[in-house]
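Colleague: prediction below, plus the sequence it came from.
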Amino acid sequence: AQSVSQHNHHVILSEAASLELGCNYSYGGTVNLFWYVQYPGQHLQLLLKYFSGDPLVKGIKGFEAEFIKSKFSFNLRKPSVQWSDTAEYFCAVNTPMNTGFQKLVFGTGTRLLVSP
Amino acid sequence: EPEVTQTPSHQVTQMGQEVILRCVPISNHLYFYWYRQILGQKVEFLVSFYNNEISEKSEIFDDQFSVERPDGSNFTLKIRSTKLEDSAMYFCASTGQGAWETQYFGPGTRLLVL
């Protein structure tokens, strides 16, 4: 079964520090990859996605992620974090189901705290 | 920008009671989903729905659960007889014209079963 691993459960950074959150997935076929963010008290929002093409994808709020097929990875990066980036970050992979439809398989999430 | 909405935001119920969680997907979307997140655990897929029927469901989605699209806008999740372990955040999501498009999530309903 498809699985997604996020290695860091909690990350604490100071403002202006660089961020990299790891994500690895297990499925060997064609994948669509996503990073969602959940700010305190808010819903899951799409940060960025990879479907095909350039493996370096740029999302909102200065985030980017790199798809490395050989490593089954889709790490999230931001060169300089802000206090407002404090949130929980979820990596997810689109997985085909028997009916041909999709479901998202999520990682456990990484809780990021940025101190001012 | 269109959003998925969910009501209520919080629900507290007694074990054995029925609850209905409501979602209004984005208006021109065709594919609908429910996920749940038990506190401290992963977001898990429950069910997908297309063309007025369930297209896929997980092993979590047993006979106590049902989904319905009673009119052109609402999408509901019913839990017939709640158990303590049903306490979780329930998220609705929808996708547009293609089954493999990006899923957009609602704010969630936090369900507490006592």
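Modeller: Perfect, thanks for sending it. Numbering: from 1, shown residues only, chains lettered A, B, ... in the order given.
Colleague: correct me if wrong: A:Ala65 contacts A:Leu46.
Modeller: No - assessed by C-beta atoms under 8 Å, A:Ala65 is found out of contact with A:Leu46, at 11.9 Å. (Each C-beta comes from the backbone N, C-alpha and C, glycine too.)
Colleague: what about these two, which has more around it?
Modeller: Per other C-beta atoms under 10 Å in any protein chain shown, whichever of A:Ala65 and A:Leu46 has more neighbours is A:Ala65, with 26 against 16.
Colleague: then that one would be within a strand, right?
Modeller: Yes - counting by DSSP: H, G, I helix; E, B strand; the rest coil, A:Ala65 is located in a strand.
Colleague: nearest spatial neighbour of it, skipping sequence neighbours?
Modeller: Nearest non-adjacent residue to A:Ala65, counting by C-beta to C-beta, 6 or more residues apart in numbering or on different chains: A:Leu76, 4.9 Å away.
Colleague: quick one, strands of the chain?
Modeller: Using chain A. Counting by DSSP state E, one finds strands in chain A at the ranges A:4-5, A:10-14, A:19-21, A:24-25, A:33-38, A:44-50, A:56-58, A:64-68, A:73-78, A:87-96, A:102-106, A:110-115.
Colleague: wrong one, I was asking about chain B
Modeller: Using DSSP E, strands in chain B cover B:5-7, B:10-13, B:19-24, B:31-37, B:43-50, B:53-57, B:65-68, B:75-79, B:88-95, B:104-105, B:109-113.
Colleague: can you list the strands that the first one pairs with?
Modeller: Pointing back at strand B:5-7 there. Sheet pairing of strand B:5-7 (DSSP bridges) gives strand B:19-24 (antiparallel).
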